[in-house]
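[1] quick check, what structure comes out for this input:
(2 chains)
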Amino acid sequence: MNTSLTPRLNLNLVLGFSLVGFLALLTLVSFVYLPYDVNEMNAAARYQGPSAGHWLGTDNFGRDILSRVMHGGRTAFLVGTLAVSIGLFFGTLVGGTAGYLGGWVDELFMRLMDGLLAFPGLITALIVIALVGPGTFNTAIAIGIMSVPAISRIARSGFLQYKTIDFVQAARTIGVPTWQIMFRHILPNVASSLVIAGSLTFGGAILTEASLSYLGLGVQLPDPSWGRMLREAQGYFTRNPWATLGPGIAITLMVLGFYLLGNGTRDALQQKESHL
Amino acid sequence: MDKRVLLKVVDLKKYFSMDTGIFSKTKSYLKAVDGVSFEIRRGETFGLVGESGCGKSTTGRTILRLYNPTGGQILFDGEDLSGLDDKGLVPYRKKIQMIFQDPYASLNPRMTVSELLSEGLRTHNICTKEQEQGRIFELLEKVGLKRDHANRYPHEFSGGQRQRISIARALAVEPELVICDEPISALDVSIQAQVVNMLEDLQNEMGLTYLFIAHDLSMVKHISDRIGVMYLGMLMEVSESDELYEKPLHPYTQALLSAIPIPDPDVTRKNKRRILTGDVPSPIDPPEGCRFASRCPFASDKCKSETPVLEDVGNGHLVACHHWQAIATGERKANTPVTAVVV
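    Model prediction:
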């Protein structure tokens, strides 16, 4: 029990917000300023380590890694946002309907989700990409579909918990239509756990995007993506190990940032909810 | 059918199936309500009492069709609600309302008071958008709240105030029957009387009919015109409330009434209380015969094999007991010593 009047510092939230904010800032800056053009090759400056001219060094074509990391942030945020939106939308729809309606709808939807969950996430994403082809948007769609089962389970348990609560029964007594009960009464109460799930999914989505791009199936040339940069750097790792540093750190910070943000949000919301 | 009867419940049953596994074929049932019949006349208050778990709340919720009945009829104004689908129920959603026990769970924490109250008004098109605000203010004043409470959230109110909001929400749709599911048991004693008096005033003002579910016998006596006593999903006795308190016929009712504390130490010392031994049997696959037989001091072999039916013993007084007459005349003595002096 915290007895002091000053609110306790939510370290998770602050750190997570700082990390994500820092990377978001770098990405935003990339729209107005980049140290070098991302695809500008410089044969005279290949395989360089960090220096005043190239903070994170250069790659096998002499391209500036910092510029490419900054530009790669766009891809990361785009794919993450799209994937999480898809995951949240369909996950909530499927899980919410299953949880609230129950019965055979619940059985059917959740067994489908179990089926999807039985495949390792990356395999699901690979299957989707095999069907629709690689590319930034397709990667986002694949990752989104991959995250639907986990989110649907969270949504289902939330809807299940609230469907028997008195205020939902009261709404039924008044004759409020089912969809309105689901969206007006239950969803706002389940939203906080969905936001947390979304934040955690975001980190996972970026990691998956990096993995897919590393395998060469995600974001395609010439868009720089962190995973793709890692893959390329692997080829000349012994000549210039520095090239892996930039994208590696960016991925780590991004995933860690969203993870902390998710946990911090949960702490903050739970504190608030105990006052409701 | 008697025009004065607003709600007539006939042989209402609500069983919850207990899944014992995918492969087991025998299903067991929790018989929460097992053949309950009663009627409520227009403008009266019918009290439903019984210990917790006896199925009184389930009865209330099944009448509202929050649960689908397993059997029986729910005749509201002569119309059977038991088989209606969601669409068919909509007009009755306006006519029957409910006040819940827990004022902390019955209001959506993320909606303001005016949002809570406007929902019913909009669902049933009770007034135009322009009239809505005025109507909400009117409702708030009716339940003793202020106009500027309209834009607040439930967590800003006390339990008693929340219950008033809950009552206002039920009244918003101008119902005929209000099912009060232990509306005061979660409140402070000082607030209980206020809320009960308000319910009575509202009843007179709006011509409401109440089904009042409670376990507090003295409060039920105060508010009810007639009372039904439930035990393990069945009605044991139904009577005018004064008669029930003066002349209880069923051994269970007698035991319940003897448990009401009397605020006078002299009386309490002299008074012999009937202490029931044992626990309430499980409602899962309850035994044949009278539900109360396992704890009844007067039980005979007949009680354990034959389920007594509610019979009218005159004056609208109904009792479900094989031996009520013998018990009343003192002919039938208790099998076990049943009274104890409580010091």
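
[2] based on its surroundings, how many neighbours for the residue in chain A positioned nearest to chain B?
    Chain A approaches chain B most closely through A:Gly175 (3.0 Å), counting by Cβ to the nearest Cβ. All C-beta atoms are positioned from the backbone trio N, CA, C, and that covers glycine. Using other Cβ atoms under 10 Å in any protein chain shown, A:Gly175 has 18 neighbouring residues.

[3] element containing the residue nearest to B:Asn315 when sequence neighbours are not counted, please.
    The shortest distance from B:Asn315 to any non-neighbouring residue, by Cβ to Cβ, 6 or more residues apart in numbering or on different chains, is to B:Glu243 (6.8 Å). B:Glu243 belongs to helix B:241-246 when assigned by DSSP states H and E.

[4] show me where pLDDT drops low in the chain?
    The chain I'm using is chain A. Regions of chain A meeting the criterion pLDDT under 70 cover residues A:1-7, A:271-276.

[5] should've been chain B
    Low-confidence segments of chain B (pLDDT under 70): B:1-3, B:19-26, B:268-272, B:336-343.

[6] in it, which residue is closest to the centre?
    The centroid of chain B falls nearest to B:Ile213 when counting by Cα atoms, centre = their mean (2.3 Å).

[7] hang on, B:Gly47 in a strand?
    Yes - counting by DSSP: H, G, I helix; E, B strand; the rest coil, B:Gly47 is located in a strand.

[8] that one bridge partners, please.
    In this structure, B:Gly47 bridges to B:Phe212, B:Ile227 when assessed by DSSP bridges.

[9] who are the contact partners of it?
    Applying Cβ atoms under 8 Å, 6 or more residues apart in numbering or on different chains to B:Gly47 gives the contacts B:Phe212, B:Ile213, B:Ala214, B:Val220, B:Lys221, B:Ile223, B:Ser224, B:Arg226, B:Ile227, B:Gly228, B:Ser241.

[10] just give the nearest non-adjacent residue to B:Arg4, would you?
    B:Arg41 (4.8 Å).

[11] neighbours of that neighbour, how many?
    B:Arg41, neighbours per other Cβ under 10 Å, totals 17.

[12] got it, and B:Pro248?
    By other Cβ under 10 Å, the residues close to B:Pro248 number 23.

[13] what does B:Val238 give?
    Residues near B:Val238, counting by other Cβ under 10 Å: 24.

[14] and stretch A:36-56, how far apart are its ends?
    Stretch A:36-56 has its terminal residues 12 Å apart, counting by Cα to Cα, to the nearest Å.

[15] how about that stretch: buried residues?
    Neighbour counts using 16 or more other Cβ atoms under 10 Å in any protein chain shown place A:Tyr36, A:Val38, A:Ala45, A:Arg46, A:Gln48, A:His54, A:Leu56 of stretch A:36-56 among the buried residues.

[16] so which of the residues you listed comes closest to A:Leu78?
    For the buried residues of stretch A:36-56, the minimum distance to A:Leu78 (Cβ to Cβ) is 15.3 Å, reached by A:Val38.

[17] dump the residue contacts of that closest one.
    Applying Cβ under 8 Å, 6+ apart, the residues near A:Val38 are A:Arg63, A:Asp64, A:Ser67, A:Arg68, A:His71, A:Pro222, A:Pro224.

[18] against A:Ile65, how distant is it?
    Separation of A:Val38 from A:Ile65 (Cβ to Cβ, to the nearest Å): 10 Å.

[19] could you point out the longest helix of the chain?
    All of this is about chain A. The single longest helix within chain A, with elements called by DSSP state H, is helix A:65-101.

[20] should've been chain B
    helix B:189-206.

[21] contacting residues for residue 77?
    Defaulting to chain A. Contacts for A:Phe77 (Cβ under 8 Å, 6+ apart) come out as A:Ala24, A:Thr27.

[22] chain B is the one I meant
    If a contact means Cβ under 8 Å, 6+ apart, then B:Asp77 has B:Leu6, B:Lys95, B:Glu176 as its contacts.

[23] need phi/psi at it.
    phi 60, psi 30 (degrees, to the nearest 10).

[24] and what of the one 4 residues further on?
    For B:Leu81, the backbone dihedrals (degrees, to the nearest 10) come out as phi -90, psi -10.

[25] what do you get for B:Lys8?
    Backbone geometry at B:Lys8, expressed as degrees, to the nearest 10, gives phi -130, psi 120.

[26] again with B:Ile99
    According to degrees, to the nearest 10, B:Ile99 has phi -110, psi 130.
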